[in-house]
Structure formats: structure tokens, C-alpha cells
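Peer 1: would you be able to build a 3D model of this:
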Amino acid sequence: MPDQAAAAAAPKPASLLTVLVALAANALIAVAKSVAALITGSASMVAEAAHSWADTGNEVFLLIAERTSQRPSDKLHPYGYGRAAYVWSMFAAFGLFVAGAGVSVWHGITSLDAPETGDTDYLVAYVVLAIAFVLEGTSFRQAVRQARTDGAKMGLRPLRFIERTSNPTLRAVFVEDASALIGLLLAGAGLALHQITGDPVYDALGSIAVGLLLGVMAVFLIRRNLDFLVGQPVLPAVRENMLRALYDNPEIEKVTFVHPEFVGPARVLLIAAVDLTGNRSEDEVAAVVNRVEQELTAVQFVDQAVLTLSTPGMPALPRPPRP
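Peer 2: Here you go, the predicted model:
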């Protein structure tokens, strides 16, 4: 099944490109926002600068996640290093929560207690926000393109795919870029209300709103990475496809147990209990099981397969219908 195997492997280079585009965009935006924050003294701009610096640091974690998770298996890690992607992505999510959300909310609260009384250069702030929106939009467009392409292979819309995907780097970039675009609108609204009313409280509230937005996004990312670290089930359609592949093998008479578990992005460890056809010697059984395990790695997402013989008397799982 070469097409299915390609579908499983395809996200890797696309994910790397998505992270690199996000890293370049966030680094440029972080510098621009920091300069604008120094010039304007705007609380919302400080929050946005903290947001972009947090995103820039997070992209570094995501690059490490991409690289580490693709290391080949060894004696100490027979199932590979795929789950390392979720660990490094978890670090990135914590960074977003602390450096992004925490700093933004803290600065907004302190600005409420001691509002900025000097003149604000609104033009500089608006120009920087506009440039940041274009750059963030470019990065977000790449993330959406990848989510749409990969999601179509599984019959999922982009947002549903982002929630369900086993690819933590794509999910992180997509969520961070989406929150960045919304955050820019919140910061712009705070600045505009400050300019119209002359009350700096609105600018401080904009900073707090950006921080709360980042906190919600960070918690979502932390939760999803935790789900995959403790054992996220595959989609029912994917499990059904794996069960069908077992029954389609001429060496297998019945399947009594099947458990697919993600061990990394687009990588599944398939554990199954089966009855083999015919009467075979112990050596023949070992040879057949080993051969079938190798054949199963051609099934979409299956990185490794481990087969055991069914316990006598165990009922067979129903054969899934043809799609």
C-alpha cells in the first residue's frame, strides 16, 4: 500500500517548513513589536511583544521536537523516539503559558494600577500591528494549507484535523498563529479605544485580553500533548482500516484483539491477537507471525506491529465492511 505509506510520511517535511516559516515570521515580528513597545509605551504592544518572543522561543522547541522524534529506534527504545515530539511540544506550550500569557496579564494589571500618562505614538503602533498581521497571516496560511492537505487524506476538515492530528508541531503552529492574529486585533482595539477616549485603561485591558487568549490556547496545547503522551486512541476509521488489513491477510483466520496506539506523529504501534490459518509447527508459526508483522507496516500510520496468538475460546472481532 504505497499510497497509504506515503500519506503517513508526508507530514514530516511539510511540518518542518511550517515551523521554519513560523520561526522567521515570529522573530521579525518580535523585534518590531519590542521597538514599538519602547517607543509607544503601550501596554498592549508590550503584551504583543511578549507574545511574539514566546512564539519565537516555542518554534525552537518545535524544531527540536521534529528532529528528535525522527531518530531511528535502538535497543533502549525499540519503538523509536516519536513521543519525544509531545514532550518538546509540551515545553513549547508551557512557554506560551508563562512567557506569553503570564507576562501579558501581569503587565496589563500593573498598567491598570499605574497607567501610562505620556504621549503614545499611535501611528508607529498601528504600522507595526499591520506588518505583524501580514507576517502572521503568511505563517498561518502555510499552517492552514498543511492542515487542509493532511486533513483531506483522513476526510477531516482543517479545524477538526488540528484537534485530532498526532502531529504536535503543526497543531502548535496553527494554534499559535491563530491566537497571534486574534491577539493583534485585541491589541489594536485596545490602542484605538485609548486613542479615542484618552483613557489608558483600555490599552491595559487589551494587554490582559491578549494574555487570557494565550492562556486558553496554551492549556489546549498542553492537554492535547498530554493525551498523546498517556495514550491517545486512533480515529475509529483508522482502527477499522487496521483491523481490515489484518483480516485481509491470507495467513490470518480470525482476530480477537487489536490495539493501535500512537508512538509518535503519524506513527502507530499495532498490537493484535490472531489465530493463524491451518496447523503449523512452532517454527512455522514464528516465521509467519514475523512475516505478517512486516507486511502490516505498509498499512497507513503503522510503524511497527506486534502479533500474539489468541487465547483459545476468545471470540473473534467482527470483520469490518468494505469502505
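Peer 1: neighbouring contacts of stretch 185-199?
Peer 2: With Cβ atoms under 8 Å, 6 or more residues apart in numbering as the test, stretch 185-199 has contacts from 42-45, 47-48, 120, 122, 125-126, 129, 200, 202-207, 209-210, 213. (C-beta placed from N, C-alpha, C; glycine too.)
Peer 1: and what of stretch 269-284?
Peer 2: By Cβ under 8 Å, 6+ apart, the residues outside stretch 269-284 that reach it are 79, 242, 246, 250-263, 285, 288-289, 292, 296, 299, 302-311, 314, 316.
Peer 1: give me that answer again for 6 Å
Peer 2: Residues from elsewhere that reach stretch 269-284, judged by Cβ atoms under 6 Å, 6 or more residues apart in numbering: 79, 242, 246, 251-261, 263, 288, 302, 304-308, 310.
Peer 1: could you list the buried residues of that stretch?
Peer 2: Going by neighbour count (16 or more other Cβ atoms under 10 Å), the buried part of stretch 269-284 is Leu269, Leu270, Ala272, Ala273, Val274, Leu276.
Peer 1: do the same with stretch 160-176
Peer 2: Buried residues in stretch 160-176 (16+ other Cβ under 10 Å): 161-162, 164-176.
Peer 1: helices - which of these land there?
Peer 2: Counting by DSSP state H, the part of the buried residues of stretch 160-176 found in helices is Phe161, Ile162, Arg164, Pro168, Thr169, Leu170, Arg171, Ala172, Val173, Phe174, Val175, Glu176.
Peer 1: buried among the contacts of stretch 269-284? Make that a PyMOL selection.
Peer 2: PyMOL command restricting the contacts of stretch 269-284 to the buried ones, with burial defined by 16+ other Cβ under 10 Å:
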select buried, resi 242+246+251+252+254+255+256+258+260+263+288+302+304+305+307+310
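Peer 1: next step: the contacts of stretch 269-284 restricted to helices.
Peer 2: When DSSP H is applied, the contacts of stretch 269-284 are split such that Met242, Leu246, Val288 fall in helices.
Peer 1: apart from its chain neighbours, what residue comes closest to the second one?
Peer 2: Spelled out, it's Leu246. In this structure, Leu246 finds its nearest non-sequential neighbour in Val255, 4.9 Å apart by Cβ to Cβ, 6 or more residues apart in numbering.
Peer 1: which residues does that neighbour bridge with?
Peer 2: Beta-bridge pairing for Val255 (DSSP bridges): Val274.
Peer 1: what's it in contact with, if anything?
Peer 2: Val255 neighbours (Cβ under 6 Å, 6+ apart): Leu246, Val274, Leu317.
Peer 1: turn those into TSV, including pLDDT and distance to Arg145.
Peer 2: Listed next are the contacts of Val255 as TSV, based on pLDDT from 0 to 100; distance: Cβ to Cβ, whole Å:
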residue	pLDDT	distance to Arg145
Leu246	92	35
Val274	92	40
Leu317	92	38
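Peer 1: buried residues in stretch 309-318, which are they?
Peer 2: Here stretch 309-318 shows Ser310, Leu317 as buried, counting by 16+ other Cβ under 10 Å.
Peer 1: pLDDT weak spots in the stretch 101-250 of the chain?
Peer 2: Along the stretch 101-250 of the chain, the parts satisfying pLDDT under 70 run over 115-120.
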